[in-house]
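Asker: Let's see this in three dimensions:
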Amino acid sequence: MHRRLLPVSIALVAFFLLPLISRAHGRWFVEGEHPPTDWSALASLPVLLAIGSSIFVVGSLAFAQRTVNDPLWPRPLVFQRLEIAAPAILGVQTAIALIFAATQITLFVPNIELPRNAIGVIMAVVAVVAGFSFVTGVRTRVGAMMTIGLFGAAFTIAPFEQVLEQILFVGISLYLVAVGRGAIRYDGEEEDRTAFSDWLLPHALTILRICAGLSVLILAFTEKLLNNDLGVAFLAEYPNFNVPKSIGLDWFTDERFVYAAGIVEATAGAALLAGFLPRVVILALWIPFNLGIAFLPPQELIGHLPILATMYVLLVRGTEGVPPPVEDDRGAPAQRPAEHLVKSVSNHSAR
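Answerer: Below is the predicted model of the structure:
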């Protein structure tokens, strides 16, 4: 029954989240002055539909999880083999986005512009340093705290809702503080742990998932549900993203498509926040999150690298936190794979 439930669950989530094919960020590609966020639209029909859709999908996922009685279902063995690389992939892909944005004199994403003065240069340099710490594995936890500091500083240079959209970087940073960059460092040395890291470790995945869900949810409101004009402006430059209209459904206007995309994006964020069957949710989101990349400039891919890496981590590790070392055949604690690799590299270097 469980094997039959997997494709049904994925199909159910994918059906409601399919319009995420248009999950391009309007502010990244619409030139000129952007329309402001219309906070009065919080009481609009599209927002109510988004709430209803979220309740339905989250309820369906909760029922499915209760049916299979396993929050980490499905559990293919390949996920365990992929797990060892998860922190390194997250760190490196986040670093690419950080460093690329800094070279464009922006912070995190194209729409948060750094001031053209000494303060902006300092923030860009800090972002680059943090990025290199993620790449090399040297002082990764320091780089993560620097990234959190940049997130806080961003409130002084950009509208608060645009900064909140990037709360994913806080989740990634806290995850790296708890877990470390993982795999091996360029110098073969193990990363220093702290009491705070050990305390944070059991909560790292939950924090990462919640921040990812919040980021998706906030973007659904600020770029679509509460800013329909921004989405329409994006579709004016990229009309083929309105797939229903392109195939002849003229009643599906650009305004309606933007609202529909906002509804399903909000539903995706709510599904991640709820935490029911997160692997099913990630599998359903993977294709829609990637389809638009081929039809947009390179910043679409680069800007989405952190969320794609986050999805990878959540897929291979689920929601239960980092598992403790298992005992070997002699009853002694077994080494984690990452520790084994570090020691192997160190021994090889010594020889």
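Asker: Might you list the low-confidence residue ranges for the stretch 51-200 of the chain?
Answerer: 183-192 (pLDDT under 70).
Asker: Would you map the strands across it?
Answerer: 106-107, 109-113 (DSSP state E, counting those that start in this stretch).
Asker: Reformat these as TSV; add distance to Arg66.
Answerer: (C-beta placed from N, C-alpha, C; glycine too.) Shown next, in TSV, are these (distance: least, CB to CB, whole Å):
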stretch	distance to Arg66
strand 106-107	42
strand 109-113	38
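Asker: In this structure Ile307 contacts Leu168, no?
Answerer: Yes - Ile307 lies in contact with Leu168 (CB atoms under 8 Å); the separation is 6.1 Å.
Asker: joint contacts of those two?
Answerer: Jointly contacting Ile307 and Leu168 under the rule CB atoms under 8 Å, 6 or more residues apart in numbering are 212, 215.
Asker: which of the strands of the stretch 51-200 of the chain is buried the deepest?
Answerer: strand 106-107 (a mean of 24; mean count of other CB atoms under 10 Å).
Asker: for that strand, packing partners?
Answerer: Strand 106-107 is packed against strand 109-113, helix 118-136, with contacts defined by 3 or more CB pairs under 8 Å, 6 or more residues apart in numbering; DSSP states H and E.
Asker: Give me the phi and psi angles of the most centrally placed residue in the chain.
Answerer: Taking CA atoms, centre = their mean, the centroid of the chain lies closest to Ile307, which sits 2.6 Å from it. Phi and psi for Ile307, reported as degrees, to the nearest 10, are phi -70, psi -30.
Asker: Now do the contacts for it.
Answerer: Counted by CB under 8 Å, 6+ apart, Ile307 has contacts 168, 212, 215-216, 289.
Asker: Ala41 now?
Answerer: Contact analysis of Ala41 by CB under 8 Å, 6+ apart lists 47, 225-226, 228.
Asker: now Ile105
Answerer: The contact partners of Ile105, by CB under 8 Å, 6+ apart, come to 113-114, 116, 120, 124.
Asker: returning to that earlier point: so which of the helices and strands packed on strand 106-107 is nearest Tyr238?
Answerer: strand 109-113 (15.6 Å; CB to CB).
Asker: Residues contacting the closest one, please?
Answerer: 25, 27-28, 34, 97, 101, 104-107, 154, 157-158, 162-163, 165-166, 299, 303.
Asker: Assess the claim that Ala144 and Val179 are in contact.
Answerer: No - counting by CB under 8 Å, Ala144 sits too far from Val179 to count as a contact (10.0 Å).
Asker: circling back to that earlier point, out of the contacts of Ala41, show me where the pLDDT dips lowest.
Answerer: Looking at the contacts of Ala41 by pLDDT, the weakest one is Asn228, with 90.
Asker: and the nearest residue to it once chain neighbours are set aside, how many neighbours?
Answerer: Excluding the flanking residues, the one nearest Asn228 by CB to CB, 6 or more residues apart in numbering is Val258, at 5.2 Å. Val258: 28 surrounding residues under other CB atoms under 10 Å.
Asker: Now do the contacts for Val281.
Answerer: By CB under 8 Å, 6+ apart, the residues touching Val281 are 13, 61, 268, 271-272.
Asker: Output the residues you listed in JSON lines; the columns should cover secondary structure.
Answerer: Shown next, in JSON lines, are the contacts of Val281 (DSSP: H, G, I helix; E, B strand; the rest coil):
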{"residue": "Val13", "secondary structure": "helix"}
{"residue": "Leu61", "secondary structure": "helix"}
{"residue": "Ala268", "secondary structure": "helix"}
{"residue": "Ala271", "secondary structure": "helix"}
{"residue": "Leu272", "secondary structure": "helix"}
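Asker: where's the nearest residue to Arg141 once chain neighbours are set aside relative to Gly91, distance?
Answerer: Spatial nearest neighbour of Arg141, chain neighbours left out: Val177 (5.0 Å); criterion: CB to CB, 6+ apart. Here the criterion is CB to CB, to the nearest Å. By it, Val177 lies 11 Å from Gly91.
Asker: quick one: terminal-to-terminal distance for stretch 173-193?
Answerer: 15 Å (CA to CA, to the nearest Å).
Asker: wait, which of the contacts of Ala41 is closest to Ile148?
Answerer: Of the contacts of Ala41, the one sitting nearest to Ile148 (CB to CB) turns out to be Leu226, at 26.6 Å.
Asker: Show the backbone phi and psi for the closest one.
Answerer: As for Leu226, its main-chain torsions (degrees, to the nearest 10) stand at phi -110, psi 10.
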